[in-house]
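A.B. asks: Below are the sequence and a predicted model for it; my questions follow.
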Amino acid sequence: MADPLLPFGRTQVTSEEIREYVDEHAALDVLQEVGVDSAPEKVEEFLTTLPALLSWLETYGREYPWRYTTDPWQIYATEILLQRTRADAVEEIYDEFFSTFSRPEIVLEKSETELRECARSLGFINHRVRSIQEAAELCVVEHNGAVPADLETLQQPWRVGPYTARACMLFAFQEPLALVDANTARIMGRVFDYPLPDQPHKSKIVYRFLDSLVPADGTMARAFNLALLDLGALRCTHAHPNCEECPLNSGCTYSVV
């Protein structure tokens with residue numbers, strides 16, 4: 001039976017419900033620590049507009065096939081495939097890849113050549129193949145074929161970093177963690193006038209801030225992260241943000257509306 005909360009998670013919530021699951025005090029502490037002006041007002045406005053953002057996701061969110069599963073191996077492997085490539089490119093090979101490599105054991109049983117051919121169109125093939133092989137070995141050799149539900153352990157394979165591990169914990173195990181990439185960091189920078197470092201995905205304080213805003217409920221956390229990812233890809237883009245159609249525009253410091 002299909003999960004009714006897939007692909008996006010819980011998108012229909014009130015501002016009051018969200019406040020029950022968000023650590024407002026921690027968010028304020030970070031904003032004040034980095035020198036953001038009017039921090040309480042900005043957090044208040046963001047939490048007020050969050051329901052509109054999640055509702056926006058339900059209407060405009062991208063329905064990639066990996067968003068319709070909570071299978072840990074499919075999610076772990078997909079997040080590795082998504083590194084340094086377009087999501088649309090991964091979508092093109094998704095069915096073939098998981099019909100061939102449906103379990104981590106099969107990755108180790110089949111030849112490297114077959115794995116290379118299946119993922120070749122994504123580029124960075126040496127990087128990708130090695131990471132997939134080491135992830136499969138981690139699951140099979142150390143965890144009896146299961147994907148470990150542990151943030152640090154998931155990062156043991158080559159080139160598997162915090163984003164991939166966090167995405168796996170979030171989408172496979174419903175762990176309420178923030179995903180920090182160019183899209184989510186850009187939105188936070190614009191909405192809160194947050195002074196982003198050069199590499200936000202390596203900043204502990206950026207993780208602290210976004211983690212404080214992720215609702216401590218797995219289905220809401222899923223929707224929160226997907227909404228930011230898709231908003232950054234479709235509306236709050238780097239070069240030409242469409243502020244007029246952004247659900248966060250009323251409280252965004254960057255908005256030109």
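C.D. replies: Okay, I see it. Predicted model only: the values in this text are computed from it and were never measured. Residues are numbered from 1 along each chain as shown.

A.B. asks: where in the stretch 51-200 of the chain is pLDDT low?
C.D. replies: Judged by pLDDT under 70, the stretch 51-200 of the chain has no weakly predicted residues.

A.B. asks: any idea where the helices of it begin and end?
C.D. replies: For the stretch 51-200 of the chain, the helices defined by DSSP state H, counting those that start in this stretch occupy 72-81, 87-100, 104-109, 112-119, 125-137, 143, 162-173, 182-192.

A.B. asks: Could you count how many residues lie near T113?
C.D. replies: T113 has 9 neighbours, counted by other C-beta atoms under 10 Å. Every residue, glycine included, has its C-beta placed from N, CA and C.

A.B. asks: Now do the strands in the protein.
C.D. replies: For the chain, no strands turn up when DSSP state E is the criterion.

A.B. asks: Just to check, A182 is in contact with L229?
C.D. replies: No - using C-beta atoms under 8 Å, A182 is not in contact with L229, being 10.0 Å away.

A.B. asks: neighbour count winner among these two?
C.D. replies: Just comparing A182 and L229: by other C-beta under 10 Å the higher neighbour count belongs to L229, 20 against 12.

A.B. asks: ok, now which ones touch the more buried one?
C.D. replies: Contacts for L229 were tallied using C-beta atoms under 8 Å, 6 or more residues apart in numbering; they are 179, 181, 183-184.

A.B. asks: do that again at 6 Å, thanks
C.D. replies: The contact partners of L229, by C-beta atoms under 6 Å, 6 or more residues apart in numbering, come to N183.

A.B. asks: Retrieve the pLDDT associated with it.
C.D. replies: Here, the pLDDT recorded for L229 equals 97.

A.B. asks: so Q155 touches A165, yeah?
C.D. replies: Yes - assessed by C-beta atoms under 6 Å, Q155 is found in contact with A165 at 4.8 Å.

A.B. asks: Dihedrals phi and psi, F101?
C.D. replies: phi -120, psi 60 (degrees, to the nearest 10).

A.B. asks: One more: H238?
C.D. replies: Main-chain torsions, H238, degrees, to the nearest 10: phi -70, psi -50.

A.B. asks: Can you report how many residues neighbour it?
C.D. replies: Neighbour tally, H238, other C-beta under 10 Å: 9.

A.B. asks: swap in E16?
C.D. replies: Neighbour count of E16, defined by other C-beta under 10 Å: 9.

A.B. asks: And H143, by the same measure?
C.D. replies: When neighbours are counted by other C-beta under 10 Å, H143 registers 14.

A.B. asks: gap between it and C168?
C.D. replies: Applying C-beta to C-beta, to the nearest Å, the value for H143 to C168 is 13 Å.

A.B. asks: Over to L6?
C.D. replies: Counting by C-beta to C-beta, the gap from L6 to C168 is 16 Å.

A.B. asks: now swap in G9 and tell me
C.D. replies: Remark: distance between G9 and C168 (C-beta to C-beta) = 15 Å.
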